[in-house]
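>>> the sequence and its predicted three-dimensional model are supplied below.
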Amino acid sequence: MTDTTTAIRDLNDRFRKGDGAVPGSWMITAGVQILIDDDTNEALLISTVASFEAFDEDNDPHHEHDFGALDFAGQRLFWKIDYYAPDLQHGSEDAADTAQTIRVLTIMRADEY
């Protein structure tokens, strides 16, 4: 694994676990929003994604910890981290550099992917 891959993986893990020093935001699709009927379920879903550790060659072939799949409220969900430039209009040129990258973690139903 390269130093860049390790840096991206570590930043993704820190971001997903709530480290505010890693810039980014979380998005929940309309299909997932329907599954969340109260703040308790939303907090549970966020906690479940934050604590996800089931990375393997199928869901993490690049070893960046930027994707996961899980079951929640009877549905198969995916979460994915994308890397944007600070203007949020373009992709980041260096996902290992927090000055150049805003992470966006999207949680979606598998059928919305």
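Done, it's in.
>>> just the strands in the protein please.
24-28, 67-72, 75-84, 102-109 (DSSP state E).
>>> between the second one and strand 75-84, how many degrees?
In this case it means strand 67-72. Per axes from the mean of the first three to the mean of the last three CA atoms, to 10 degrees, the angle that strand 67-72 makes with strand 75-84 is 150 degrees.
>>> run the chain-centre distance for strand 67-72.
Relative to its parent chain, strand 67-72 has a centroid offset of 10 Å by CA atoms, centre = their mean, to the nearest Å.
>>> mean confidence for it?
Taken as a whole, strand 67-72 has an average pLDDT of 96.
>>> could you do the longest one as well?
If you average the pLDDT over strand 75-84, you get 97.
>>> likewise for the first one?
Summarised as a single mean, pLDDT over strand 24-28 is 97.
>>> show me what that strand is packed up against.
With contacts defined as 3 or more CB pairs under 8 Å, 6 or more residues apart in numbering; DSSP states H and E, strand 24-28 has these neighbours: helix 39-50, strand 102-109. Using the backbone N, CA and C atoms, a C-beta is placed for each residue, glycine as well.
>>> deepest of those, which one?
Neighbour counts (mean count of other CB atoms under 10 Å) averaged over each of the helices and strands packed on strand 24-28 peak at strand 102-109, with a mean of 19.
>>> could you tell me the least trusted of the helices and strands packed on strand 24-28?
Taking the mean pLDDT of the helices and strands packed on strand 24-28, helix 39-50 comes last: a mean of 93.
>>> only C-alpha atoms, please: export that one in CSV.
Output in CSV follows, covering the C-alpha atoms of helix 39-50 (Å, rounded to 0.1, in the frame of the first residue of the first chain):
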residue,chain,number,x,y,z
ASP,A,39,-33.8,11.2,15.5
THR,A,40,-33.0,7.9,17.3
ASN,A,41,-32.9,5.9,14.1
GLU,A,42,-30.8,8.6,12.4
ALA,A,43,-28.3,8.6,15.2
LEU,A,44,-28.2,4.7,15.1
LEU,A,45,-27.6,4.8,11.3
ILE,A,46,-24.8,7.3,11.6
SER,A,47,-23.3,5.3,14.5
THR,A,48,-23.5,2.1,12.4
VAL,A,49,-21.7,3.7,9.5
ALA,A,50,-19.1,5.4,11.8
